[in-house]
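Trainee: Curious how this folds, go ahead:
(2 chains)
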Amino acid sequence: MSLRSRFASFVRRLRRGPAADRELDEEIASTLELMADERRRAGLPADAARRNARLDLGRGGDAVGVEAIKEQVRDARPGAALDGWLSDLRQALRGMTRTPGWTAIVILTLGVGLGASTAIFGVVNAVLLKALPYPHSDRLALIWAQFGPESKAPASGHQLLALRERSRLFESIGGIWVTSAALTGHGDPEQISVGFVTADFLPLLVERPALGRQFAPGEEGPGKAALVILSHELWRRRFGADPAIVGRTVQMDGQAVEVRGVLPEAFRIAFPEASRVPPGIDAYVPMPFDLAGGPLDVSYIRLLGRMTAGTTPRQAQAEMDRVAASLRAEYKDYASQQLEFRVAPLHAEVVHTARPALLALSGGVALVLLIACINVASLLLARGAERQREITMRSALGASPARLVRLLLTESVGLAVAGGALAIGIGAWTLAALQSLQPEGVARTGPAHLDLRALGFALATTLAAGVLSGLAPAVAATRGRIADALKRGGRGQTGGGSTQRTRNILIGCEVALGCAVLASAGLMARTMHSLVRVDPGFEAGRALTLQLSLPGPRYPEDSDRVTFARRIQEALAGIPGVEAAGMGSNLPLDTSLPNWYSPYWRDGATEEERNGLMADHRSVLPGFFKSVGAHLLEGRDFTPEEIEQGRLVAVVDDSLARRTWPGDSAVGKRIALETMLRGEFKWQTAEVIGVVRHVQFHSLTDEVREQVYIPYSLAPRQQISFALRTGGDPAALAAPARAAIAALDPDLPVARVLPLGHYVEQARRVTRFLSLLSAALAAIALLLAVVGVYGVSSGSVTRRTSEIGVRVALGARRADVLRLVLGQGMAPVALGCAAGLGLSVLLAPLYGGLLFGVRPFDPATYAAAAALLTLAGLCACYVPARRAVRLDPLEALRAE
Amino acid sequence: MAGGSAADGAKSDLVRGTLEMLILKALAAGPLHGLGVARRIAQITRGAFEVGPGSLFPALHRMEAEQWLTSAWSESENRRRARFYTLTKAGRRQLEHESKRWGKVSLAIARALEAT
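Mentor: As a prediction, this is how the structure comes out:
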């Protein structure tokens, strides 16, 4: 039979499927009549003849009845497989809609459990596992300078050149320093972030710009033509994506700069946070400094290198150790600084901060996924047990084992499709929510995608577990134990016993995993709580902040900047509602600016004592401490006169005071520190006039470095930040503050007009993200556990209806029944909780590093987790228990 | 193949082919209903083959789908409605083909058994 006619016949059959079935019925009926006729002719009475015919028709071979014959005829038809499958599907759908609650729970478990976890896996995959989008990204490595205890430091120009010259294992080493500049000429002035790069820096990260070309090696250094490569975003936002921009000039810091190129749209810099190189740099210009002629020890350049093919980071590190040793031998400064270099593969370093958080999340996701898996398996298993009677019946009526297995598989596949569809929906939604929630530090490598492969895998695993357990009854039913199974199918005490035991074990595991998830979520919530209550050394509420970058050409002299900054401070202080206005070179927890830190030492300290003591240097105007709400512990703030005269005075933080003059007052002591006048760093000795409580400039939880504050006139830096303290709404100050600054310099862009609290939020973002996600995971885990406990408990009550009826009939009181059901249902919950607490103790050290202000083995949190689960379990058991209590013994027994 | 058990019948091509050949042969003389086919086969094989309905009806339907047979409802000898099967041209060709093949096969087997 040709394929075509086969197909035609199949289509014919599809069209007249029911009609064909009817005809078959008639044909069998007529055959029966004919056979009965034969028997009557042979002399049998009419009804005996008919009975005899029916028996005869049903005998012989594998056909055990009229229905079985029909089934075999249907199987023999062309297209029977597909046809049978369609009918299976119909039956499966019918089965699913017959128990909508059960179906909904399975689909929901699949959807929520798999969808949410796959989305989180998508983020983990994008951040931790995927390669960075750079050419030969596996060979890119950061080279951190290290000065004694001060690690992850930038390098000096001299060091960069020395490394380039002496390294054989790096084929290219580039450097970047990020600052800001004012962009004027096209609309409002705007402060943009600018990367000063060596000519070989960008080629390490991008093969070619979208427009124009890269910088050439001869184009860096002092006195060269001013060039800029724009980011795609700035080009679109500021220059309307002008395709002819290359070669034209733009105004940066009041200077005409020629556009050399535009970077591709997808290009982002993915550097670790410690490098202070942000992902969204607006423009790149060639390094304008004299790298060779600059001072040896002014470190500001972040180094990125590409190792030669086949070089391992370990080999590169060994080479860097040798280079550092030779530099220390040749230069006394480097020897005293204890200069070293650390090679850190870029990818590992970028994910370094996100890694513990994401690993912890992955662990949580794995647990929840496992719970979902167990739940579905348990539900399918229960379903299989409940359907044993139906399956046995089908088997008795002539359904072949293959047919039964096919039917069950069809059901599972149907559930998988529905659950999978829901999971994709929920996953996509979760991922979108995660993308908007996740903090910068986590999302440096670009958007994550829903990993359908992972989703498919999870779905398949879940269903495989469920189907395997669900198939068992079908297999049992078809292994010639039909009569046996039929006998006990209704009651199922014996047959269902092992199923029930399996389900109890599954529920115990589920509760244990849920307990671990809940406990970790509890610890994360306590961490968040501690972070909210921690004293950062300043008061974040009711203060507005803003950033200015004073363009060099417009404010060339130190005195210009000091005068201008003081005039702005005065103008801002005059705004109605402003209680205090302050100015500093950096704001607490603002990581958008380069950090200035340098060695310091007690005046008169020996060379030996000086080693390795570093402090963050901040230059401020009087009123800074009040404006940010820092606590002055001793002495006083700077005075306007000290600013005007550029007096060598300093305020230090309490950590520095304690370390340098233990047990003694710091006020009146003298300290050697660094100033920056006319662009030159200089060691000078200043008198300490005050001590403030340590201000958390870098993180809410760690004291990174000691702090010295000096008058702005000792270091009139280009980037300055203002803080305005108010009794009212900080946001209301934004417009008058902008107006006040524009009145003094209309071309000066005002950047980052944000409440001080924003920076605190930023600092808490990873913990907030984690505690939010772990709470979501815990909620899912709890929900799944409740569903699981309810399912088992309810199934057990259904199965034991008659037994409970007998007990009640024999005089059991309601309380006894309640105790019986609750006790049975809660036993696996209690065991699970106990196991879960043990599991938590095992798991806690894995994410202990993420915690703050709470011990990994916090008994209160653990107890709360177990109590919550137990309570939820009780609620889940109570519903079927009430049903059992209300059973009418007569009804229950009749149900047999 | 004594008894013409359907279980055996479904399992090997040779045997299945044999059942189909017998049905074709039974219908070669004229249209018959299902039971008639079974009785006819019993008759022409002198009772050696008793085809049960469990294998007969699937075979009939399969063969109809192959377009070797057509069927129509008609009145039986004792005025009962029954479904009658008729051999088509394709069915006749198939019978010829099967007979030849069977002749070859049985000859070969006979030889094989005679050989010592």
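Trainee: Quick check: A:Arg139 touching A:Thr312?
Mentor: No - contact status for A:Arg139 versus A:Thr312: not in contact, 10.2 Å apart, counting by C-beta atoms under 8 Å. Just so you know, the C-beta spots here come from the backbone N, C-alpha and C atoms, and that holds for glycine as well.
Trainee: Give me the more crowded residue out of the two.
Mentor: Set side by side, A:Arg139 and A:Thr312 show more neighbours around A:Arg139, with 22 against 12, by other C-beta atoms under 10 Å in any protein chain shown.
Trainee: measure A:Ala835 to A:Gly514 for me?
Mentor: 11 Å (C-beta to C-beta, to the nearest Å).
Trainee: ok, now A:Arg302?
Mentor: Separation of A:Arg302 from A:Gly514 (C-beta to C-beta): 45 Å.
Trainee: quick one: which of these two has more around it?
Mentor: A direct count of neighbours by other C-beta under 10 Å for A:Arg302 and A:Gly514 places A:Gly514 higher, at 35 against 29.
Trainee: Can you name the residue of chain B nearest to chain A?
Mentor: Nearest residue of chain B to chain A, counting by C-beta to the nearest C-beta: B:Gly54, 2.6 Å away.
Trainee: That residue - how many residues pack around it?
Mentor: 27.
Trainee: Averaged pLDDT, the host helix or strand of it. What do you get?
Mentor: Using DSSP states H and E, B:Gly54 sits in helix B:53-65. Mean pLDDT, helix B:53-65: 84.
Trainee: Give the buried residues for that helix.
Mentor: B:53-65 (16 or more other C-beta atoms under 10 Å in any protein chain shown).
Trainee: Direction included, what does the next helix or strand after that helix pair against?
Mentor: Following helix B:53-65 in sequence order, the next helix or strand is strand B:69-75 (DSSP H and E). Each strand that pairs with strand B:69-75, with its direction, by DSSP bridges: strand B:81-87 (antiparallel).
Trainee: angle of the strand it pairs with against helix B:53-65?
Mentor: With axes from the mean of the first three to the mean of the last three C-alpha atoms, to 10 degrees applied, the angle from strand B:81-87 to helix B:53-65 works out at 60 degrees.
Trainee: Return the residues in contact with the residue nearest to A:Tyr134 when sequence neighbours are not counted.
Mentor: Nearest residue to A:Tyr134 in three dimensions, chain neighbours excluded: A:Leu205, at 4.9 Å (C-beta to C-beta, 6 or more residues apart in numbering or on different chains). Counting by C-beta atoms under 8 Å, 6 or more residues apart in numbering or on different chains, A:Leu205 makes contact with A:Tyr134, A:Pro135, A:Leu140, A:Phe267, A:Ile269, A:Leu304.
Trainee: give me that answer again for 10 Å
Mentor: The contact partners of A:Leu205, by C-beta atoms under 10 Å, 6 or more residues apart in numbering or on different chains, come to A:132-135, A:137, A:140, A:174, A:176, A:197, A:263, A:267-271, A:304, A:306, A:346.
Trainee: ok, now A:Ala864?
Mentor: Listed by C-beta under 10 Å, 6+ apart, the contact partners of A:Ala864 are A:Leu518, A:Ala519, A:Gly522, A:Ala525, A:Arg526, A:Asp858.
Trainee: Could you find the closest non-adjacent residue to the third one?
Mentor: Going back to what we said before, that points to A:Gly522. That would be A:Thr861: by C-beta to C-beta, 6+ apart, it lies 4.0 Å from A:Gly522.
Trainee: what ranges of chain B fall below the confidence cut-off?
Mentor: The model of chain B has pLDDT under 70 over residues B:1-17, B:116.
Trainee: now with 50?
Mentor: B:1-14 (pLDDT under 50).
Trainee: Quick check, the residue of chain B closest to chain A in contact with A:Asp56.
Mentor: No - counting by C-beta atoms under 10 Å, B:Gly54 stays clear of A:Asp56, with 11.4 Å between them.
Trainee: tell me the contacts of the residue nearest the centre of chain B?
Mentor: The centroid of chain B falls nearest to B:Ile23 when counting by C-alpha atoms, centre = their mean (1.8 Å). Each residue near B:Ile23 by C-beta under 10 Å, 6+ apart is listed here: B:32, B:34, B:37-38, B:40-41, B:51, B:56, B:59-60, B:63, B:68-69, B:85, B:87, B:91, B:95.
Trainee: do A:Gly757 as well
Mentor: A:Gly757 touches A:Glu539, A:Ala540, A:Gly541, A:Arg542, A:Ala543, A:Leu544, A:Thr545, A:Pro730, counting by C-beta under 10 Å, 6+ apart.
Trainee: Would you mind identifying the next helix or strand past the strand or helix carrying it?
Mentor: In this structure, A:Gly757 is located in helix A:756-763 according to DSSP H and E. Next helix or strand after helix A:756-763 toward the C-terminus (DSSP H and E): helix A:765-799.
Trainee: following that following helix, which helix or strand comes up?
Mentor: helix A:801-809.
Trainee: now the angle between helix A:765-799 and that following helix, please.
Mentor: Using the same axes, to 10 degrees: helix A:801-809 against helix A:765-799 is 70 degrees.
Trainee: burial measure for A:Ala686, as a count.
Mentor: Other residues near A:Ala686 come to 23 when the count uses other C-beta under 10 Å.
Trainee: which one's the longest helix in chain A?
Mentor: helix A:493-533 (DSSP state H).
Trainee: helix, strand or coil for A:Ser598?
Mentor: strand (DSSP: H, G, I helix; E, B strand; the rest coil).
Trainee: Tell me what it is bridged to.
Mentor: Beta-bridge partners, per DSSP bridges, of A:Ser598: A:Ala615.
Trainee: quick one: stretch A:280-292 to chain centroid distance?
Mentor: Here stretch A:280-292 is found 33 Å from its chain centre; the criterion is C-alpha atoms, centre = their mean, to the nearest Å.
Trainee: Nothing else from me, thank you.
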